[in-house]
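A.B. asks: I would like the atomic coordinates for the input below:
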Amino acid sequence: MFQELREDYGRYSTKRPTLTRMAAKAVANAGFRAVVLYRFGHRCRKRRLRVLAALVERLMHHLCHCWISTTAEIGSGFLIAHVCGLVIGGGTILGRNCDVRHNVTFGGNFNKQDAEGRQFPTLGDNVSVSTGAVLLGPIRIGSNSVIGANSVVTRDVPENVIAAGNPARVLKERWNEEERKL
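C.D. replies: Numbering: from 1, shown residues only. Got it, this is the predicted structure:
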């Protein structure tokens, strides 16, 4: 848990991660505070402390104005740029170094399942999800992809693309590193 928190902190600050700096960042930044609470709640859930995990979810909802289920699997280096309105459903899997903006929803489509019986989205590594995007159902978002603002994604998105719209479609394939940082 602490190694993941160090990597998460590295996405919020360029300073060396110390316990004091991480605590100060958690107090000052609602996005990092939500990540810290998720990591603690997820660890409780893994240790079968379900009541404590549920209380952490409620605390996160009240302190950070978002809902991240402690049953979701989120890789290290998770960055929440703006925390308000974020919803990450219970079966969602996010890879390493994912960026998420405000009013994003990762939800299940309970009428639809993939071959493994999953009902929630799975994101690869280094995925960026912009403001207001909605990702529903057992879809897969490829690594190094960007989901545009206010997009509705109900189908798989390949790696290394920019997808946007309602319904989302691929707008651009492959780009150089300077364009990736925009």
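
A.B. asks: could you measure residue 158 against residue 145, distance?
C.D. replies: Computed with C-beta to C-beta, to the nearest Å, the distance linking residue 158 and residue 145 is 7 Å. All C-beta spots, glycine's among them, are computed from the backbone N, C-alpha and C.

A.B. asks: pick out whichever of these two has more residues nearby.
C.D. replies: residue 145 (21 against 14; other C-beta atoms under 10 Å).

A.B. asks: residue 74 - nearest residue in space that isn't next to it in sequence?
C.D. replies: Using C-beta to C-beta, 6 or more residues apart in numbering and skipping residues adjacent in sequence, the residue nearest residue 74 is residue 94, 4.6 Å away.

A.B. asks: was I right to think the one you found contacts residue 127?
C.D. replies: Yes: using C-beta atoms under 8 Å, residue 94 makes contact with residue 127 at a distance of 7.5 Å.

A.B. asks: identify the contacts common to the two.
C.D. replies: Overlap between the contact sets of residue 94 and residue 127, as judged by C-beta atoms under 8 Å, 6 or more residues apart in numbering, is nil.

A.B. asks: secondary structure element for the residue of the chain most remote from its centre?
C.D. replies: Largest separation from the mean C-alpha position in the chain: residue 20, at 24.8 Å (C-alpha atoms, centre = their mean). Of the helices and strands defined by DSSP states H and E, residue 20 is found in helix 19-28.

A.B. asks: next, the buried residues of that helix.
C.D. replies: By 16 or more other C-beta atoms under 10 Å, the buried positions in helix 19-28 come out as 22, 25-26.

A.B. asks: and if you look at stretch 81-95?
C.D. replies: Using 16+ other C-beta under 10 Å as the test for burial, stretch 81-95 gives 81, 83, 86, 88-95.

A.B. asks: ok, so of the buried residues of helix 19-28, who is nearest residue 16?
C.D. replies: Taking C-beta to C-beta as the measure, residue 22 is the one of the buried residues of helix 19-28 closest to residue 16, at 10.4 Å.

A.B. asks: if we ignore the residues flanking it in sequence, what's nearest residue 156?
C.D. replies: Nearest non-adjacent residue to residue 156, counting by C-beta to C-beta, 6+ apart: residue 140, 4.8 Å away.

A.B. asks: what's around that neighbour, how many residues?
C.D. replies: If you count neighbours by other C-beta under 10 Å, residue 140 ends up with 16.

A.B. asks: nearest to residue 110 among the buried residues of helix 19-28?
C.D. replies: Using C-beta to C-beta, residue 26 comes nearest to residue 110 of those, at 34.0 Å.

A.B. asks: which residues touch the closest one?
C.D. replies: 32-33, 36.

A.B. asks: from those residues, which land in strands?
C.D. replies: Taking DSSP state E, every one of the contacts of residue 26 sits outside strands.

A.B. asks: out of those residues, who's the most crowded?
C.D. replies: Highest neighbour count within the contacts of residue 26, by other C-beta under 10 Å: residue 32, with 25 neighbours.
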